[in-house]
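Visitor: Quick check, what structure comes out for this input:
(2 chains)
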Amino acid sequence: MSEPREELRRANARLGARLGLMTLGSFAFGFALVPLYDVFCTITGFGNQKALAQASAVVPEVEDDSRTVTVEFVAELPTVGNWVFRPVQGSMQVHPGKLYQADFIAKNLTGHDTVAQAVPSIAPGNVAGYFHKTECFCFTPQKFSKDEERVMPVRFIVDRALPKHLDRITLAYTFYDQSIGTGS
Amino acid sequence: MATHAHTDAVHDDHDHKPHGWRRWVFSTNHKDIGTMYLVFACTMFFVGGTMALIIRAELFEPGLQFVDPQFFNSMTAMHALVMIFGAIMPAWVGLANWLIPMQIGAPDMALPRLNNLSFWILPFAFMLLLGTLFVPGGAPAGGWTMYPPLALQAGDSFPMMIFAIHLMGASSILGAINVVVTVMNMRAPGMNLLKMPLFVWTWLITAYLLVAVMPVLAGAVTMLLTDHYFGTSFFAASGGGDPVMFQHIFWFFGHPEVYIMILPAFGVVSEIIPTFSRKPLFGYESMVYATAAIGFLSFIVWAHHMFTVGMPLAGQLFFMLATMLISVPTGVKIFNWCATMTRGSLTFEPPMLFALAFLFLFTIGGFSGLMLAIVPADFQYQDSYFVVAHFHYVLVPGSLFAIVGAVYYWLPKWVGRMYDQKLAKVHFWLSAIFVNVLFFPQHFLGLAGMPRRIPDYATQFADWNMVSSIGAFGFGFSQLLLPYIIIKCVKSGAPAPARAWDSAHGLEWELPSPAPFHSWETPPSAAVIARGAEH
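Guide: Predicted coordinates:
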């Protein structure tokens, strides 16, 4: 009588432990979704916004002046009142293949020296691969002393291979003050 | 009394129940733990219901009358967390505890001490969660989905909510592990998998879903915690993270989670309808496979909760079509229940009434879900009251009605007494009418453009909001009948026979009423199993 009961107890413990391992596996899978998400974005080319924050080695090629693309600039602040941040011009008409420069103005109103980081984003998401920046204020954190105002350039080339149906690209920057945590 | 309990407990705690508080705090008995789960769920149901009534009182008329907007937002977030993790899920675990050992011919759950632990985690989890109502900054107000960065912009409630969710998750995972081990290892000889009642089957699949996705939620909220306190940037755009990724991870948990809440309801309805139709369940095996198919599909449709955040066209098409595909196995179930009733000799006892209301009203919720699955339509419905109406139709007359139906179905077995059926029918009709008065107008409000989670609204929405609020108060107060009927039954119900419903099949009805403290100390014979498994 006690023999099979003991055996059942052991079998239960074994299966319970196996399910415990499965639980740990699921927990690890939750974290594995983080790199998988990036891989997915890179493969599909969609929303691969991380490439926007890096300089690309593309040199200006022959410009395609048969085609004009409108590039719009958007500047956003996650909190209101402690910064001025805006593009100098709202939009530009550009020809694919040619190097252009656009300027953004930022002013530190926080009342102290601080460092800010601009995070780029582009719409529609799948043009990220056709928008090359040779220089951008978003590549590095920007130091600002108290009340400093500065014009910051971004130099870019729209790829000649940009799909034909696209004639409008929106480039947006969100300007994060690094002295403020996400929690405030 | 205390000395009495002491002598008893020392000598034979295996044969007699311990008395007093020890019986509950140290309990390893599946029935006592099941009772505690159900009492806990009922308590949380009224706590969450009170929050819902605060919301509906504020929305009774346009303008701000009773609460400030921050508290209103806390109420919507807390109502969801309390109802999902405190009422519906513990109620299902409680029913699993009570029924699974009786239905598969086992003496108890496989891991009784784990069972005790998984229940007793819950009161502490909810002390933490409800405690947030009293801390500086107030309770979580960013919605139960905890999207960053909004969810991070809370006061002291934030870490309390995260740890409460960790605890609730641990409790459900332990409960799920126990169910799987019990079903796999503890079945009586001769009770093979395809003889098991559907409630056991649906719970087995639910348990696997729980083990697969609750840890993913634990991971997601842990990432929120480290983003907030330890400088990581999983979701913080300023550090190179992506807040949209949280939504993907959350809904990878969240969609299976909604099936965790509804699959056991399918099991309950699959037991009640045959009993009161006096016919075996139509298409038993297809029911099992349909449940498994729904469980599988639940993992590949998550992004339909977030079409509007932006994704490639191919992604939208995939998630739209996969979502619509779910209506196929669900349709199999609905048609099987209808076929079971066809040419049956139907009677309308309270459990059957709740099961029938489930059938009608859950299907309405299913259809509005199909509407939401259509990507271009979803862009209009997103975050409107139409969504609120949709998920309340599948959760209230869906999961909740099935839970109440299950209680009315098995209560005579649990306590050995019959409840006041006339009063239970009054409870049913009040619930069925008011639930529609409450939620049906919300479809109109949503289609007309009323956003959810806002304490005020344009005057064009005033009429239907007033109707909806009247329904809410009617529904809320009529639920007080449920504990009254149960208490009255326990105290003074007429004795119930072992087979409380003359046409009920299943091993639990072969046990005397009330069910003995230990269920099947000697396994049921092959003949008894065969009689029980006539489906």
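Visitor: Below-threshold pLDDT in the chain: ranges please.
Guide: This is for chain A. Applying pLDDT under 70 to chain A flags residues A:1-2, A:44-51, A:58-60, A:180-184.
Visitor: um, chain B though
Guide: In chain B (pLDDT under 70), the answer is B:1-16, B:534-535.
Visitor: So which residue is smack in the middle of chain B?
Guide: residue B:88 (2.9 Å; C-alpha atoms, centre = their mean).
Visitor: Tell me the residues on the stretch 201-350 of chain B that lie near chain A, please.
Guide: Contacts of the stretch 201-350 of chain B with chain A, taken as C-beta under 8 Å from any C-beta of the partner chain, map to B:211-220, B:223, B:227-228, B:233-234, B:236-238, B:240, B:242, B:244-245, B:248-249, B:252-253, B:310-312, B:314-315. Backbone N, C-alpha and C define where each C-beta goes, glycine included.
Visitor: can you do 6 Å?
Guide: Residues of the stretch 201-350 of chain B that fall close to chain A, judged by C-beta under 6 Å from any C-beta of the partner chain: B:211, B:212, B:215, B:216, B:219, B:228, B:236, B:237, B:238, B:245, B:249, B:312.
Visitor: Next, count neighbours for the residue of chain A found nearest chain B.
Guide: Nearest residue of chain A to chain B, counting by C-beta to the nearest C-beta: residue A:30, 2.7 Å away. Counted with other C-beta atoms under 10 Å in any protein chain shown, residues neighbouring residue A:30 total 23.
Visitor: Give me the secondary structure label for it.
Guide: Three-state assignment for residue A:30 (DSSP: H, G, I helix; E, B strand; the rest coil): helix.
Visitor: thinking it is in contact with residue B:218, fair?
Guide: No: counting by C-beta atoms under 6 Å, residue A:30 sits too far from residue B:218 to count as a contact (7.1 Å).
Visitor: about what we covered before: from residue A:16, how far off is the residue of chain A closest to chain B?
Guide: Residue A:30 sits 21 Å away from residue A:16, going by C-beta to C-beta, to the nearest Å.
Visitor: Neighbours of the residue in the stretch 101-250 of chain B that chain A sits nearest to, how many?
Guide: Nearest to chain A, among the residues of the stretch 101-250 of chain B, is residue B:219, at 2.7 Å (C-beta to the nearest C-beta). Counted with other C-beta under 10 Å, residues neighbouring residue B:219 total 24.
Visitor: Helix or strand for it, just tell me which one.
Guide: When elements are assigned from DSSP states H and E, residue B:219 belongs to helix B:198-229.
Visitor: Helix or strand next in line after that helix, which one?
Guide: Once helix B:198-229 ends, the next helix or strand along the chain (criterion: DSSP H and E) is helix B:243-277.
Visitor: Which strands and helices lie in contact with that following helix?
Guide: Contact analysis of helix B:243-277 by 3 or more C-beta pairs under 6 Å, 6 or more residues apart in numbering or on different chains; DSSP states H and E lists helix B:198-229, helix B:327-341, helix B:350-373, helix B:401-415 as its packing neighbours.
Visitor: ranking these by burial, who's on top?
Guide: helix B:401-415 (a mean of 25; mean count of other C-beta atoms under 10 Å in any protein chain shown).
Visitor: Show me what that helix is packed against.
Guide: Looks like helix B:401-415 contacts helix B:243-277, helix B:350-373 (3+ C-beta pairs under 6 Å, 6+ apart).
Visitor: Can you add distance to residue A:157 and give these back as JSON lines?
Guide: Formatted as JSON lines, the helices and strands packed on helix B:401-415 follow (distance: least, C-beta to C-beta, whole Å):
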{"stretch": "helix B:243-277", "distance to residue A:157": "27"}
{"stretch": "helix B:350-373", "distance to residue A:157": "41"}
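Visitor: ok, back up a step: if we ignore the residues flanking it in sequence, what's nearest the residue of the stretch 101-250 of chain B closest to chain A?
Guide: Computed as C-beta to C-beta, 6 or more residues apart in numbering or on different chains, the closest residue to residue B:219 that is not its neighbour in sequence is residue A:30, at 2.7 Å.
Visitor: if I look at the one you found, how far off is residue B:92?
Guide: On the measure of C-beta to C-beta, residue A:30 and residue B:92 end up 23 Å apart.
Visitor: Same question for residue B:415.
Guide: 20 Å.
Visitor: So what does the closest residue in space to residue B:148 that isn't next to it in sequence look like in phi/psi?
Guide: Leaving out its chain neighbours, the residue that sits closest to residue B:148 by C-beta to C-beta, 6+ apart is residue B:235, at 4.4 Å. Residue B:235 adopts backbone torsions of phi -120, psi 0, taken as degrees, to the nearest 10.
Visitor: Show me what from the stretch 351-500 of chain B comes close to chain A.
Guide: Residues of the stretch 351-500 of chain B lying close to chain A (C-beta under 6 Å from any C-beta): none.
Visitor: Please enumerate the helices of the stretch 351-500 of chain B.
Guide: Taking DSSP state H, counting those that start in this stretch as the test, the helices found in the stretch 351-500 of chain B are B:375-381, B:385-394, B:401-415, B:421-447, B:462-478, B:481-492.
Visitor: Just the angle for the last one relative to helix B:401-415, thanks.
Guide: With axes from the mean of the first three to the mean of the last three C-alpha atoms, to 10 degrees applied, the angle from helix B:481-492 to helix B:401-415 works out at 10 degrees.
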